[in-house]
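> Predicted coordinates and the sequence they were generated for:
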Amino acid sequence: MKTALITGGNKGIGLETAKLLLQNGLFVYLGSRNKEKGNEAVKDLNKNGFQNVKAVVLDVTDPETILSAKRIIEKEQGKLDVLINNAGILGNFPQSASDVSIDVLKEVYETNVYGAISVTQNFIDLLKKSNEPRIVNVSSSLGSLTLHSDPDYQFYKVKLFAYNSSKTALNMFTVHLAYELKDTVFKVNAVCPGYTDTDFGNHIGTGKVEDAGKRIVKYALIDNDGPTGKFFSEEINPETDHIAW
């Protein structure tokens with residue numbers, strides 16, 4: 001049985017992604033900063049017939065919880081097949097480039113960039129034990145330099161410097177990691193789940209969480225002939241295989 005870890009997996013897009021992976025026969029670890037909330041999510045999944053799921057305390061900004069989660073998964077599974085770096089924060093406002101607080105920048109990058117990198121680096125050896133290791137970095141079209149330079153981009157005016165640039169940095173990490181692993185069976189991609197109706201965006205998004213989950217799972221389960229080192233935003237451009245960075 002394949003095993004997956006989802007950071008920020010106890011609600012929203014992370015939880016929906018977990019459901020879809022469970023439906024595909026994977027054992028799923030829900031990374032949750034709060035133990036109680038993680039266990040509540042597991043209980044809800046159990047009530048809906050999903051049994052191969054477990055919550056692990058994992059705060060991507062806390063190295064001790066990352067190592068603790070790794071020890072649990074290593075002891076119970078011996079490997080990791082899928083890592084989904086889903087945990088993220090939007091950050092406080094305002095976020096204009098001319099006056100955004102350095103404290104806001106640090107806070108957003110701590111989770112969205114350094115946290116994702118830290119989790120990946122800590123779990124890379126367990127992923128290397130998989131026959132088909134997959135890494136999905138949950139990004140955003142808001143991190144695309146190409147799109148943000150295009151006045152016709154539907155979110156062109158959404159200039160949230162801290163958040164947007166953190167996703168740009170995450171995209172760069174994706175490219176570099178994929179290049180480093182290009183001669184292996186790893187597949188490393190960045191995926192935009194879309195402008196989704198969740199707590200993360202105060203429920204002003206228009207997309208369905210089910211669609212967001214499907215977009216992520218598609219690249220979490222791609223076969224060995226699938227892409228790597230790409231950025232996908234099917235909400236923005238569903239006609240092409242990937243979007244320019």
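Everything's here; your move. Here the structure is a predicted model, which means the values were calculated and not measured.

> Could you use CA atoms for every contact and neighbour count after this?
Noted.

> how about stretch 161-178: buried residues?
Neighbour counts over stretch 161-178 (16 or more other Cα atoms under 10 Å) mark 161-175, 177-178 as buried.

> now swap in stretch 69-86 and tell me
Those would be 69-70, 73, 79-86, for stretch 69-86 by 16+ other Cα under 10 Å.

> repeat for stretch 92-103
Buried positions in stretch 92-103, judged by neighbour count with 16+ other Cα under 10 Å: 92, 95, 100-101.

> re earlier: restricted to strands, list the buried residues of stretch 69-86.
Of these, the ones assigned to strands by DSSP state E are 82-85.

> wait, which of these is closest to I216?
Minimum distance to I216 across these is 8.3 Å, recorded for I84 (Cα to Cα).

> In contact with the closest one, which residues?
By Cα atoms under 8 Å, 6 or more residues apart in numbering, the contact set of I84 is 4-7, 135-138, 220.

> next one: I73
Contacts here follow Cα under 8 Å, 6+ apart; on that basis I73 touches 79-80.

> Please report how far it lies from S141.
Per Cα to Cα, to the nearest Å, I73 is found 32 Å from S141.

> give me the low-pLDDT residue ranges for the protein?
Within the chain, the segments meeting pLDDT under 70 span 197-206, 237-245.

> And the strands in it?
Using DSSP E, the strands of the chain run over 3-6, 27-32, 53-57, 82-85, 134-138, 187-191, 231-232.

> Let's have the ones you listed in CSV, adding distance to P151.
Converted to CSV, the strands of the chain look like this (distance: least, Cα to Cα, whole Å):
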stretch, distance to P151
strand 3-6, 34
strand 27-32, 38
strand 53-57, 42
strand 82-85, 30
strand 134-138, 24
strand 187-191, 22
strand 231-232, 20
